[in-house]
Each structure stands twice: as C-alpha cells, then as structure tokens.
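Participant: sequence below, structure please.
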Amino acid sequence: RLKQMMAEAQDKNSVEYQRMTWEGLKKSINGLVNKVTKTNMTTIIKELLSHNMVRARGLYARSVMKAQLASPAFSPVYAALTAVINTKLPENGET
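Facilitator: The predicted structure follows:
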C-alpha cells in the first residue's frame with residue numbers, strides 16, 4: 001500500500017511524499033533490527049547502511065531500544081550492531 005501511494009505521488013517535495021518515505025524508512029529499520037541475530041548480523045548491517053542512517057539515527061536508536069526492551073537476551077547482539085553502526089558513522093553516536 002505504501003509503495004502504491006509513493007508511486008502515485010508526483011511531487012517529491014510534498015509533505016505527503018516526505019511522510020510516506022519516512023514511514024517506509026521507519027518500517028524498514030524496525031524490520032531489520034527485529035530480525036538481527038548473531039548469524040545474520042553482517043547482512044543486516046549492509047542493509048542498514050544502504051539506508052540513510054544519518055537521517056534515520058533517531059529511528060534506529062528508538063528501534064534498538066524497543067527491541068532490547070522486548071527481548072533482553074539479545075542485548076549483546078544489539079550492542080554489537082550499534083558498535084558497528086557507530087564505527088561506520090561516528091556522528092550518529094555523538095548526539
């Protein structure tokens with residue numbers, strides 16, 4: 001549904017289009033963070049870095065916190081994921 005609405009949007013500077021892209025980015029990051037494990041971490045990192053992580057740093061932080069709250073056993077996995085993201089994009093960890 002979201003992809004259909006984005007295809008119909010003509011003006012890429014409109015508020016509606018920006019909101020749709022933000023929601024798509026949010027869903028993508030949440031999905032990637034929720035499915036990360038020790039075995040697929042490299043794949044997830046590559047997919048996360050293909051997104052605009054500078055723009056989505058707040059989404060990423062919120063997603064990791066929610067995922068860690070839901071499953072504390074995966075805390076080391078989320079810590080390793082965040083460490084790699086901070087290594088690749090240090091400005092994300094500063095603010």
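Participant: going by C-alpha atoms from here, please, whenever you check contacts or count neighbours.
Facilitator: Noted.
Participant: what is the subsequent helix or strand relative to the lowest-mean-pLDDT helix or strand in the chain?
Facilitator: Of the helices and strands making up the chain, the lowest-confidence element is helix 2-8, at a mean of 61, by mean pLDDT, DSSP states H and E. Towards the C-terminus, the helix or strand next in line after helix 2-8, according to DSSP states H and E, is helix 15-34.
Participant: the strand or helix carrying Asn86 to helix 15-34, inter-axis angle?
Facilitator: Secondary structure assigned from DSSP H and E places Asn86 in helix 75-88. Computed with axes from the mean of the first three to the mean of the last three CA atoms, to 10 degrees, the direction of helix 75-88 lies at 130 degrees from that of helix 15-34.
Participant: for this structure, give me the ranges with low pLDDT.
Facilitator: Per-residue confidence for the chain (pLDDT under 70) gives these ranges: 1-11, 92-95.
Participant: report the central residue of it.
Facilitator: Among the residues of the chain, the smallest C-alpha distance to the mean C-alpha position (CA atoms, centre = their mean) belongs to Ile29, namely 2.6 Å.
Participant: quick one: contacts for that residue?
Facilitator: Applying CA atoms under 8 Å, 6 or more residues apart in numbering to Ile29 gives the contacts Leu48, Leu59, Tyr60, Ser63.
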